[in-house]
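Q: Okay, predicted coordinates and the sequence, questions at the end:
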Amino acid sequence: MGDEVKAIIFDVGGVLQLGPKTRFTRKDVHVSGVHEIIAKKLKISLDQYLDSIDSFYAKSIEGQTFKKELISTIAAKLNYSSEKLEKLYFKTYKKKYHKNIKLFNIAKQLKKRGYKIAILSDQWHLSQEALISKKDQKIFDNVILSCEVGMRKPNIEIYNLILKKLKIKPSESIFVDNQSWNLIPANKLGMKTILFTDNKKIKKQLLAFGVHL
């Protein structure tokens with residue numbers, strides 16, 4: 001089992017926020033109902049819509065652009081108001097996802113028991129605020145969002161960054177994610193990992209690493 005666990009690190013989409021199962025388009029865009037709704041609202045096909053956001057989505061999720069620039073560029077391509085577009089994304093993400101209150105409560109319990117809790121998540125600028133508000137971020141000791149740090153999973157450097165922020169060794173952490181490929185780099189570093197499927201299993205999964213609630 002190795003070193004004693006000092007920190008538990010959570011993903012957001014599909015873990016702290018629950019919604020439809022994520023799938024990927026040919027442009028590597030996370031599609032979970034959100035983009036279909038946006039396209040329908042704009043009265044264009046999903047393909048047309050995806051062509052419009054194309055490289056801007058990737059640049060945003062990897063922090064290679066600013067939010068204001070992203071919104072104005074996409075709005076111009078879609079011939080839509082920047083302000084209305086931002087509100088539409090926020091409303092749609094809120095509609096398709098719901099806060100995993102049980103897991104948030106588990107995270108709070110872990111913190112009370114002396115563990116550090118953190119977030120490591122891939123987000124683009126138009127999902128960030130809706131899925132992990134500033135208020136919710138305050139619960140955690142550290143929050144790393146890809147759009148803010150200029151790299152994304154499964155880049156091993158983003159895992160190193162959260163470990164550095166938490167001031168712990170890889171073996172002193174547990175990383176919880178709902179995508180198996182995001183656990184591979186964590187395992188390579190020596191982090192303990194949990195493939196999240198539902199709230200019922202998570203307590204047993206944590207207990208297997210000696211983490212008691």
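A: That came through, no problem.

Q: what comes into contact with stretch 79-99?
A: 13, 16-20, 32-34, 37-38, 41-42, 71-72, 74-75, 78, 126-127, 129-131, 136 (C-beta atoms under 8 Å, 6 or more residues apart in numbering). For glycine as for every other residue, the C-beta is placed from the backbone atoms N, C-alpha and C.

Q: Mind giving me the ChimeraX select for the residues you listed, buried ones only?
A: Entered in ChimeraX, the line below selects the buried ones among these, by 16 or more other C-beta atoms under 10 Å:
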select :13,16,17,18,19,32,33,34,37,38,42,71,74,75,78,126,127,129,130,131,136
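
Q: Skipping adjacent residues, who's closest to the residue nearest to the spatial centre of the chain in space?
A: Nearest to the mean C-alpha position of the chain, by C-alpha atoms, centre = their mean, lies Ser121 at 3.2 Å. Leaving aside its sequence neighbours, Ser121 sits nearest to Val12 (C-beta to C-beta, 6 or more residues apart in numbering; 3.9 Å).

Q: which ones are touching that neighbour?
A: Neighbours of Val12 in contact, by C-beta under 8 Å, 6+ apart: 119, 121, 123, 131-132.

Q: ok, it to Leu18 distance?
A: Applying C-beta to C-beta, to the nearest Å, the value for Val12 to Leu18 is 10 Å.

Q: quick one: which of the contacts of Val12 sit in strands?
A: Among these, the members falling in strands (DSSP state E) are 119, 121.

Q: Leaving out sequence neighbours, find the closest residue to Asn178.
A: Of all residues not flanking Asn178 in the chain, Gly14 sits nearest, at 3.6 Å (C-beta to C-beta, 6+ apart).

Q: hang on, that neighbour packs against Ser180?
A: No - assessed by C-beta atoms under 8 Å, Gly14 is found out of contact with Ser180, at 11.7 Å.

Q: Between those two, which is the more surrounded one?
A: Set side by side, Gly14 and Ser180 show more neighbours around Gly14, with 21 against 9, by other C-beta atoms under 10 Å.

Q: one step back: contacting residues around the residue nearest to the centre of the chain?
A: When contacts are counted by C-beta under 8 Å, 6+ apart, Ser121 touches 10-13, 131-132, 144-146.
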